[in-house]
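Undergrad: model the structure of this input:
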Amino acid sequence: MSIESLGQLESRLQNLIDKLELSRMEVEDLRSANTRLEEENIQLKQELSAWGERVTALLGKLDIVNEEETSEHEAVA
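TA: Sure, this is the predicted structure:
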């Protein structure tokens, strides 16, 4: 191999090493973002569940009020 060929090979290898390092950094960033998003997803699911429980409780109270109004109307009639 000539010195020129070795220089080209070295340059290509350095480019590959640089790309690999950038890829590793990108993977690390993506893993970090994924972890953060998974934690946010868990929190949002918990909030959604809490809101669902509150809505169910309010609907239960509305049912009780409607039943009481129906009973009062039947008693008056």
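Undergrad: where does pLDDT dip in the chain?
TA: 1, 77 (pLDDT under 70).
Undergrad: helices along that one, start to end?
TA: Applying DSSP state H to the chain gives helices spanning 3-76.
Undergrad: what about E68, neighbour count?
TA: If you count neighbours by other C-beta atoms under 10 Å, E68 ends up with 10. Where C-beta positions appear, they are placed from N, C-alpha and C, glycine not excepted.
Undergrad: I3 now?
TA: Counted with other C-beta under 10 Å, the neighbours of I3 add up to 7.
Undergrad: how near is it to S11?
TA: Distance, I3 to S11, by C-beta to C-beta, to the nearest Å: 13 Å.
Undergrad: same thing with R24?
TA: From R24 over to S11 the distance is 21 Å, taken as C-beta to C-beta.
Undergrad: again, but for L30
TA: For L30, the distance to S11 - C-beta to C-beta - is 29 Å.
Undergrad: again, but for D63
TA: The gap separating D63 from S11 is 76 Å, by C-beta to C-beta.
Undergrad: repeat that for E21.
TA: 16 Å.
Undergrad: before we move on, what about L22?
TA: 17 Å.
Undergrad: G52 now?
TA: Distance from G52 to S11, by C-beta to C-beta: 60 Å.
Undergrad: what's near enough to touch H73?
TA: By C-beta atoms under 8 Å, 6 or more residues apart in numbering, no residues touch H73.
Undergrad: ok, now the one 3 residues further on?
TA: Contacts for V76 (C-beta under 8 Å, 6+ apart) come out as none.
Undergrad: state the distance from it to T70.
TA: For V76 relative to T70 (C-beta to C-beta), the value is 11 Å.
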